[in-house]
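> Okay, sequence plus prediction incoming.
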Amino acid sequence: MPFSFAALRRRPDVEGPDLVAVDAADRLILDESAAARARVGDGELVVIGDAYGALTLGAAAAGARGIRVHQDELLRERALEANAVDAGLADASTSHDLGADLLAGARVVLLRLPRSLAALGDIAGLIALHAHPDAVVFAGGRIKHMSVTMNDVLRERFDRVDVTRARQKSRVLVARGPHDGAEPQPASARVDGIEVRAFGGAFAGASIDIGTRLLLAHLPEPAGGDAVDLACGTGVVAATLALRHPALRVRASDQSAVAVASARATAEANGVADRVEVVRDDVLSSQPGARSSFIALNPPFHAGAAIDERLAPRMFADAARVLRPGGELWTVWNSALRYRPALERIVGPTRQVARDRKFTVTVSTKR
């Protein structure tokens, strides 16, 4: 069947008329890389940061096979899988962790530029370390999300970085001559008695955001000997709970591969890795229902660059599924988003525990 960008969907991620699965930057990356892709063999093309499959499936539709792909977010990985099935291209690509298996021998790399310079530095170091010496990287994005500093980050790992002409408010950086490759090392800091570790792109980096700080100030000792840190980010909540309560076991989950790596590093740095299990998961989908008595949550509220109030209710619903009757969901949220009615409806009776000028902490009890 003919491939169509218009057929791409975001599901199981949030969908809506204002949310797209492909944009002009995807098309420009594919156009700028077409000649280079035509010269490489099966297994020599790598795609990093594909949103919902446009880069991978656009390349596959042009004949590429053995495409290795890394997407940080699990929902985007699953969207690519679903779109590949719909397009009849399910056998064209495989998903990999960000590392040697993904990049070994790669000759062409298609990259959606991350917004984090630290994340770009981590990726560039890995490409330079593992890809073929002749590898060419086509790194593109929307101009409003790009900066001249991105060129400098790439130049630290590549001999030459060229900039394409802009098209439809998008641009591509073309990097050649990889050198001085390196494995990523997490940023580190000691904050409020916690050792925080963060690989490039992790939310809040090696710090504690003000919402999480407010939540931590009011979390009680979990009942039942176990707790869940949902949307764990760098694992600050999980590590703090484990340090405060030496008999407690904590399961931390996040859909971001960078967050999971950071949370594991944070747990190790605080000496609690034996009691903090970190998993990459779509909300809590890998956990059975009515399993937990305590869940802590600082939900994300951005879909891309836009605030989207549809993200948190999905997390509330899965938390409600996993909580035992009488179990508690402790949530911190941006007060302007007014989540309390949703928490009351989805989880159960909800009371305010704390509030400052920006954030609110509530506890919801499962009916």
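Good, I have the coordinates.
> centre of the chain versus the helix or strand containing Arg176, how much separation?
In this structure, Arg176 sits in strand 170-178 according to DSSP states H and E. Per C-alpha atoms, centre = their mean, to the nearest Å, the displacement of strand 170-178 from the mean C-alpha position of its chain is 23 Å.
> ditto for stretch 34-45
For stretch 34-45 - counting by C-alpha atoms, centre = their mean - the centre lies 27 Å from the chain centre.
> in that stretch, what counts as buried?
Under the neighbour-count criterion of 16 or more other C-beta atoms under 10 Å, stretch 34-45 has Ala36, Arg37, Val40, Gly43, Glu44, Leu45 buried. For the C-beta atoms, the positions are set from N, CA and C on the backbone; glycine is no exception.
> Just those: which are in strands?
Helix and strand membership here follows DSSP state E; of those, those in strands are Leu45.
> Okay, helices next: where are they in this protein?
When assigned using DSSP state H, the helices of the chain occupy the ranges 24-38, 54-61, 74-86, 100-103, 117-130, 148-155, 210-216, 236-244, 257-269, 311-322, 340-346.
> out of those helices, which comes closest to Arg275?
Closest of the helices of the chain to Arg275 is helix 236-244, at 5.0 Å (criterion: C-beta to C-beta).
> most centrally placed residue in the chain?
Central residue check for the chain by C-alpha atoms, centre = their mean: the C-alpha nearest the mean position is that of Ser256, 3.2 Å away.
> List the contacts of it.
Ser256 makes contact with Asp72, Glu73, Leu74, Gly201, Ala202, Arg280 under the criterion C-beta atoms under 8 Å, 6 or more residues apart in numbering.
> How about Pro325?
For Pro325, the set of contacting residues under the criterion of C-beta under 8 Å, 6+ apart consists of Ala290, Lys366, Arg367.
> what does Ala342 give?
Ala312, Pro313, Phe316.
> ok, back up a step: okay, the angle between the strand holding Arg176 and helix 148-155?
Our comparison of strand 170-178 with helix 148-155, counting by axes from the mean of the first three to the mean of the last three C-alpha atoms, to 10 degrees, yields an angle of 20 degrees.
> change the start of the numbering to 492 and stick with it
OK, 492 is where the count begins now, so the last one is strand 661-669.
> buried sites along strand 661-669?
By neighbour count on 16+ other C-beta under 10 Å, the buried set for strand 661-669 is Ser661, Arg662, Val663, Leu664, Val665, Ala666, Pro669.
> if I look at the last one, how far off is Gln746?
So that's Pro669. According to C-beta to C-beta, to the nearest Å, Pro669 stands 30 Å off from Gln746.
> With pLDDT and distance to Arg598 added, can I get the buried residues of stretch 525-536 in TSV?
Written out in TSV, the entries for the buried residues of stretch 525-536 read as follows (pLDDT from 0 to 100; distance: C-beta to C-beta, whole Å):
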residue	pLDDT	distance to Arg598
Ala527	98	8
Arg528	98	9
Val531	97	5
Gly534	98	10
Glu535	98	4
Leu536	98	7
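> now, the most widely separated pair of the buried residues of stretch 525-536?
Ala527 and Gly534 (15.2 Å).
> from the contacts of Ala833, which would you call buried?
Ala803, Phe807.
> pull the CA atoms of the lengthiest strand in the chain into CSV?
Ordering each strand of the chain by length in residues (DSSP E) puts strand 814-825 first. Extracted as CSV, the C-alpha positions of strand 814-825 are listed here (Å, rounded to 0.1, in the frame of the first residue of the first chain):
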residue,chain,number,x,y,z
LEU,A,814,-4.8,1.6,44.3
ARG,A,815,-6.4,-0.7,46.8
PRO,A,816,-9.7,0.6,48.3
GLY,A,817,-8.6,3.1,50.9
GLY,A,818,-5.3,3.7,49.2
GLU,A,819,-4.0,7.2,48.7
LEU,A,820,-2.9,9.2,45.7
TRP,A,821,-0.7,12.1,46.7
THR,A,822,-0.5,14.6,43.8
VAL,A,823,1.1,18.0,43.3
TRP,A,824,-0.2,20.1,40.4
ASN,A,825,0.0,23.6,38.9
